[in-house]
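Undergrad: Fold the following, please.
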Amino acid sequence: MGDELRFEIRPSGGGPDRLRNLLGHLDRKRIWGDLVLVDVERTESRAVAAEAAAPRESLAAEWDAEIARLPAGWRDLLCELQLDSTDYVARAALLGAPLNPTRAVDAIALRFRASGPGGGYGTAAVMVRRCLEWMDAERITGSVRVLTVLSDTDNVATQGPVWRVAGRSV
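TA: Numbers count the residues shown, from 1 in each chain. All right, here's what the predicted structure looks like:
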């Protein structure tokens, strides 16, 4: 409004990253000004509710539950590891390096491919579980889900399936 730009940042939903991106855009456009903190609101109830909530399953246990729901003959999976904080992204990517993760641009998440017992072109399911156990050991929290599953496929003379997410091959 006028010569002021006001915005609100929340810790959930990638707030700190969004602020960094907004300020980066302003810098690139050479829009200069003073950054002033107007107000800080701390909500104790959210933190208390999070602690009072039932303990979450470990990432490895969530992976086991996802695998148990898959149809027989599954071969290739596109998966997502949704993280609870941007603080976990770098460490989760390092611990999950065997997964060859990619950063999801629309969420605080890492996406990766996994392959089933019949082979495939992703990381073996047992290695996925091991990477998630490493993350559990370092108290990285979040949730794991299977986005897409392919069953009974035969990759004759190909390098496997190609999924398109947000216009990019995965």
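Undergrad: only C-alpha atoms for contact and neighbour calcs from this point on.
TA: Noted.
Undergrad: Quick one: residues contacting T102.
TA: For T102, the contact set (C-alpha atoms under 8 Å, 6 or more residues apart in numbering) comprises 110-112.
Undergrad: Under the pLDDT cut-off, which ranges of the protein? List them.
TA: 1, 10-15, 42-55, 118-120, 152-170 (pLDDT under 70).
Undergrad: In this structure, mark out all the strands, start to finish.
TA: 74-83, 102-103, 109-115, 123-124, 142-151, 164-165, 168-169 (DSSP state E).
Undergrad: Including distance to V36, could the ones you listed go into JSON lines?
TA: Converted to JSON lines, these look like this (distance: least, C-alpha to C-alpha, whole Å):
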{"stretch": "strand 74-83", "distance to V36": "30"}
{"stretch": "strand 102-103", "distance to V36": "31"}
{"stretch": "strand 109-115", "distance to V36": "30"}
{"stretch": "strand 123-124", "distance to V36": "47"}
{"stretch": "strand 142-151", "distance to V36": "33"}
{"stretch": "strand 164-165", "distance to V36": "38"}
{"stretch": "strand 168-169", "distance to V36": "38"}
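Undergrad: Need the winner for burial among those strands.
TA: Per residue and on average, the most neighbours among those fall to strand 109-115, with a mean of 23 (mean count of other C-alpha atoms under 10 Å).
Undergrad: for that strand, packing partners?
TA: Contact here means 3 or more C-alpha pairs under 8 Å, 6 or more residues apart in numbering; DSSP states H and E; on that basis strand 109-115 packs against strand 74-83, helix 89-95, strand 102-103, strand 123-124, helix 125-137.
Undergrad: Which one, of the ones you listed, ends up nearest to R56?
TA: Nearest to R56, of all the helices and strands packed on strand 109-115, is helix 125-137, at 11.1 Å by C-alpha to C-alpha.
Undergrad: Pull the residues that contact that closest one.
TA: In this structure, residues lying in contact with helix 125-137 by C-alpha under 8 Å, 6+ apart are 58-60, 63-64, 92, 95-96, 98-99, 114-117, 141.
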